[in-house]
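Colleague: With the sequence up front, the predicted model follows.
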Amino acid sequence: MQLWLIPILPLLGFLINGLFGKRLPKAVINAVAVGSVFLAFLWVLKTLSGLGAFSGGLEETYSEHYFTWIKSGSLDIGVDFAVDRLTSIMLMIVTGIGTLIHIYATGYMAEESGYYRFFAYLNLFMFFMLTLVLGGNFLLLFVGWEGVGLCSYLLIGFYFLEKFATDAGNKAFIVNRIGDFGLSLAVFLIAINFNTLDFGKVFAQVKTMPVETSPGLLTAIALLLFVGACGKSAQIPLYVWLPDAMAGPTPVSALIHAATMVTAGVYMVTRSSSIYLHSAGALDVVAVVGLATAFFAATVGLTQFDIKKVYAYSTVSQLGYMFLGLGVGAFSAGIYHVMTHAFFKALLFLGAGSVIHGCHHEQDMRKMGGLRKYMPVTMAVLACATLAIAGVPFLSGAASKDMILEAAYEHAPWMYWAGVVTACMTAFYCSRAFFMTFFGEYRGAAADAGHGHGHDKKKDDHGHAKKDDHGHNAGHGHDAHGHDDHGHGHHGGLPHESPWVMLAPLVVLAALSLGGHYIFNVPHILEPLFPIHEGESEAWLEIVASAAGIGGIALAYVFYVLAPGLPDGIVSTFSAPYRWIYNKYFVDELYDAVFVEPTIDGSRNLMWRVADVRIIDGIANGTATVAQGLGGILRRLQSGYIRNYAAWVVAGAIVVILWVGFGGAR
């Protein structure tokens with residue numbers, strides 16, 4: 001089936017655009033970048049069709065061995081690609097959604113400098129993500145895992161001339177290294193104890209082992225794997241990088257930080273389900289952390305005003321939902337939500353990008369409003385995404401979310417109720433963003449009156465003007481970075497609809513957000529791997545969950561359409577808790593105080609001033625000083641005067657005579 005062609009095609013796109021893109025016209029760059037991903041998508045369809053995945057086949061894993069990578073004693077690690085039903089779903093998501101986002105990006109990034117560089121990075125990301133999904137062993141998964149982390153760093157920091165972008169890229173890179181350290185330890189433990197890293201061989205051995213009722217080897221491996229998942233999939237306590245990752249261009253937010261890379265942790269835990277099913281304690285940790293993350297991030301999303309930050313915290317929350325499903329043993333439900341989330345969250349981010357583009361690069365929802373008159377297509381597609389994520393019955397979001405909540409209720413009723421409250425908050429803050437953006441009167445013109453709207457007046461929260469790659473001021477507000485300033489020549493004026501090269505992918509994603517779950521019945525597809533639970537679910541569970549979502553929408557409509565003065569009154573009444581939530585519970589400040597500043601101060605005061613300056617430099621400089629002193633003494637002996645030399649000879653002779661004389665006397 002030549003599985004290697006799937007990741008190689010985007011890699012070729014990266015090489016062509018990366019090496020020659022600076023001299024290529026944009027039409028060629030677009031053809032290479034989009035075409036390579038689209039061809040990979042077509043090859044995925046051909047491969048899965050040939051394996052019978054669309055006709056109920058693919059009961060067993062299909063694998064291809066290319067060459068031996070590492071051989072040490074009996075440990076034999078090969079470069080092997082494998083496809084089963086879980087892989088097939090991930091391949092469809094990565095290449096299908098990836099193609100749509102690449103098309104969108106050709107319009108969104110049209111006037112950006114570094115155009116070829118952006119698409120080269122995006123293609124490289126696709127190569128590593130596909131390697132992660134196709135890898136037949138933990139080592140290849142780790143290679144893809146690290147590769148997508150590298151590409152995330154490059155794309156978050158795409159506007160590298162700006163400090164906000166480099167800071168966000170560094171934050172993502174460093175936080176993910178913490179998680180990746182846990183994953184690497186898990187891989188070492190697996191290699192040492194199972195003498196292989198091949199998925200099939202490891203899981204076959206695990207199935208013969210007893211279920212651990214107390215912490216043991218499998219629990220340790222499972223928890224270390226989950227540390228890696230917490231980093232990549234932004235779970236407590238390693239979630240802090242994802243909201244800041246919005247510093248990258250919006251297509252990056254949609255592809256990497258909504259639809260693909262951040263779900264890698266969910267995929268990895270699902271792939272390792274045999275290990276987790278042998279450790280009830282590890283599963284409980286996954287469920288509790290996932291639920292806590294879902295609830296926590298949802299509360300923060302209630303108070304954000306940057307449209308991309310709202311959806312960023314929504315992503316963190318929805319990832320928590322996925323881990324809740326995995327933790328209660330509903331692996332197919334978790335992957336189901338991965339798929340539906342890819343549809344509606346990619347649409348939310350790309351729709352937000354359309355709004356930002358149409359509002360002349362504004363991201364603050366308080367300076368939007370009334371856009372339904374100017375951007376009807378964007379409004380329609382974002383309505384589809386909002387209804388889907390809110391869990392409105394019969395739409396894709398409800399299908400997967402209800403499965404997770406039902407499994408949570410069977411595991412522990414309190415988890416169900418916490419999940420329902422989270423669902424209500426999700427519906428509220430996503431609807432809040434929708435109503436603030438499209439209803440009421442347009443507030444942008446009034447906000448810009450008196451100070452103009454050109455690039456030269458935009459500042460961050462600290463009052464510093466931001467600049468794009470050309471050195472022009474850009475962005476608006478700390479979250480509205482210069483990355484959304486495309487230089488299309490719009491200097492003020494009313495909002496406008498986005499071009500169809502951006503809208504067409506949104507229409508496709510809107511259709512998938514509404515009914516994609518009918519086309520891709522993930523629980524049925526995964527049944528050979530994760531049998532569907534045959535227990536009878538109580539109808540009221542779905543009714544309550546649906547009511548929570550609809551109630552959240554209705555509440556947002558009252559607050560932001562019918563009585564828009566209510567939110568300010570509530571904020572005034574509950575100013576203290578609001579301040580905590582608005583400032584994201586000061587978690588970033590806490591991390592800075594506990595980890596970042598002590599590390600910087602320790603590096604500066606201990607490692608530099610003491611270890612480097614006093615010890616290392618002291619030894620080096622002290623050695624030089626001693627050598628210089630001895631040289632000064634010896635230099636006096638080499639004066640060049642014969643009388644001095646004669647005096648030294650006489651003095652030396654006297655010393656020798658005295659030494660010999662006294663020695664003989666003794």
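Modeller: Cool, got the structure.
Colleague: low-confidence ranges in the stretch 351-500 of the chain?
Modeller: Filtered on pLDDT under 70, the stretch 351-500 of the chain yields the residue ranges 445-492.
Colleague: And the strands in this structure?
Modeller: For the chain, the strands defined by DSSP state E cover 62-72, 75-83.
Colleague: and the first one, how far from the chain's centre?
Modeller: What it means is strand 62-72. Relative to the chain's own centre, strand 62-72 is displaced by 29 Å; criterion: CA atoms, centre = their mean, to the nearest Å.
Colleague: Pick the most buried one from the strands of the chain.
Modeller: Highest mean neighbour count of these: strand 75-83, a mean of 20 (counted as mean count of other CB atoms under 10 Å). C-betas here are computed from N, CA, C, even on glycine.
Colleague: Quick one: mean pLDDT for that strand?
Modeller: Mean pLDDT, computed over strand 75-83, is 95.
Colleague: Is residue 271 in contact with residue 86, as I believe?
Modeller: Yes. Using CB atoms under 8 Å, residue 271 is in contact with residue 86, at 6.6 Å.
Colleague: re the thing from before, can you add distance to residue 325 and give the strands of the chain back as a markdown table?
Modeller: Below are the strands of the chain laid out as a markdown table (distance: least, CB to CB, whole Å):
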| stretch | distance to residue 325 |
| --- | --- |
| strand 62-72 | 27 |
| strand 75-83 | 23 |
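Colleague: Show me the one of these that comes nearest residue 544.
Modeller: Among the strands of the chain, the nearest to residue 544 by CB to CB is strand 75-83 (38.8 Å).
Colleague: Not counting residues beside it along the chain, what's closest to residue 166?
Modeller: residue 157 (5.1 Å; CB to CB, 6 or more residues apart in numbering).
Colleague: check contacts around the one you found.
Modeller: 165, 166, 168, 169, 170, 247, 248 (CB atoms under 8 Å, 6 or more residues apart in numbering).
Colleague: And for the second one, the neighbour number?
Modeller: So that's residue 166. Using other CB atoms under 10 Å, residue 166 is surrounded by 16 other residues.
Colleague: Angles on the backbone of the residue nearest to residue 166, please.
Modeller: phi -90, psi 30 (degrees, to the nearest 10).
Colleague: One more: the one 5 residues further on?
Modeller: When quoted as degrees, to the nearest 10, the phi and psi of residue 162 stand at phi -100, psi 130.
Colleague: quick one: it from residue 295, how far?
Modeller: Look at residue 162 and residue 295: by CB to CB, to the nearest Å, they are 33 Å apart.
Colleague: again with residue 340
Modeller: 20 Å.
Colleague: just to revisit the earlier point, who's more crowded, residue 162 and residue 295?
Modeller: Using other CB under 10 Å, the more surrounded residue of residue 162 and residue 295 is residue 162, with 22 against 17.
Colleague: wait, doesn't residue 558 sit right on residue 567?
Modeller: No. Using CB under 8 Å, residue 558 makes no contact with residue 567, being 10.2 Å away.
Colleague: Of the two, which one has the most company?
Modeller: Neighbours were counted for residue 558 and for residue 567 using other CB under 10 Å; residue 567 has more, 16 against 13.
Colleague: what about the helices in the stretch 251-400 of the chain?
Modeller: Assignment of helices within the stretch 251-400 of the chain using DSSP state H, counting those that start in this stretch yields the ranges 264-271, 273-277, 280-301, 307-327, 331-358, 376-389, 396-411.
Colleague: can you check the stretch 1-150 of the chain too?
Modeller: Counting by DSSP H, counting those that start in this stretch, the segments of the stretch 1-150 of the chain that form helices are 5-20, 26-50, 85-108, 115-134, 138-156.
Colleague: What average pLDDT does the longest one get?
Modeller: Pointing back at helix 26-50 there. So the average pLDDT for helix 26-50 ends up being 97.
Colleague: Mind giving me the packing neighbours of that helix?
Modeller: Under the contact criterion of 3 or more CB pairs under 8 Å, 6 or more residues apart in numbering; DSSP states H and E, helix 26-50 touches helix 5-20, helix 85-108, helix 115-134.
Colleague: Then the first one?
Modeller: Other elements packing on helix 5-20 under the criterion 3+ CB pairs under 8 Å, 6+ apart are helix 26-50, helix 115-134.
Colleague: Buried residues of that helix, list them for me.
Modeller: 6-18 (16 or more other CB atoms under 10 Å).
Colleague: Next, format those residues as JSON lines and append distance to residue 57.
Modeller: Below are the buried residues of helix 5-20 laid out as JSON lines (distance: CB to CB, whole Å):
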{"residue": "6", "distance to residue 57": "19"}
{"residue": "7", "distance to residue 57": "23"}
{"residue": "8", "distance to residue 57": "25"}
{"residue": "9", "distance to residue 57": "24"}
{"residue": "10", "distance to residue 57": "27"}
{"residue": "11", "distance to residue 57": "29"}
{"residue": "12", "distance to residue 57": "30"}
{"residue": "13", "distance to residue 57": "31"}
{"residue": "14", "distance to residue 57": "33"}
{"residue": "15", "distance to residue 57": "35"}
{"residue": "16", "distance to residue 57": "35"}
{"residue": "17", "distance to residue 57": "37"}
{"residue": "18", "distance to residue 57": "38"}
